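*Asks:* Starting from these lines, generate the structure:
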Amino acid sequence: MKQNGNSSKAALRNLPHAKQLERLASYSTCGFEGCTCQAWKSGSSAPSKDCSSCNHAIQYHLDKIMSMATSQREKMLDMTVDIELLYSFYHRATGTPTPTKLPIRPSI
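*Replies:* Below is the predicted model of the structure:
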């Protein structure tokens with residue numbers, strides 16, 4: 001399990017910076033005043049940087065993340081892998097199908 005987690009973390013760290021930010025934005029609430037969107041969601045059509053839930057630009061979901069130190073962002077990336085692996089292992093152990101998205105999203 002540790003090897004799988006470490007390789008997944010390394011793969012995530014090797015993604016282009018923009019892709020890493022997209023991954024973190026998918027766990028981050030929208031910072032637009034009055035918006036209650038809990039996580040940035042990519043549109044299914046042409047690549048768009050607008051959230052398919054709230055229609056605000058991805059930048060509103062990245063405000064808090066961009067104010068973090070690089071070391072904090074790297075820890076957040078590692079935690080996303082840990083959470084996703086735990087979720088996957090739980091569903092594999094219980095025999096329930098694993099959805100493509102987590103039903104409960106920890107907010108940044």
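
*Asks:* Name the nearest residue to Glu74, ignoring sequence neighbours.
*Replies:* Leaving aside its chain neighbours, Glu74 sits nearest to Arg13 (7.0 Å; criterion: CB to CB, 6 or more residues apart in numbering). Quick note: C-beta positions are derived from backbone N, CA and C, even for glycine.

*Asks:* can you pull the contacts of that neighbour?
*Replies:* 20, 74, 77 (CB atoms under 8 Å, 6 or more residues apart in numbering).

*Asks:* For those residues, give me a markdown table that also has distance to Lys9, pLDDT and secondary structure.
*Replies:* Converted to a markdown table, those look like this (distance: CB to CB, whole Å; pLDDT from 0 to 100; DSSP: H, G, I helix; E, B strand; the rest coil):
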| residue | distance to Lys9 | pLDDT | secondary structure |
| --- | --- | --- | --- |
| Gln20 | 11 | 91 | helix |
| Glu74 | 9 | 92 | helix |
| Leu77 | 7 | 92 | helix |
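
*Asks:* In contact with Met76, which residues?
*Replies:* The contact partners of Met76, by CB under 8 Å, 6+ apart, come to 24, 27, 65, 68, 108.

*Asks:* Return the distance of the residue nearest to Glu74 relative to Asp50.
*Replies:* From Arg13 across to Asp50, the span is 26 Å (CB to CB, to the nearest Å).

*Asks:* ok, now Pro16?
*Replies:* Look at Pro16 and Asp50: by CB to CB, they are 20 Å apart.
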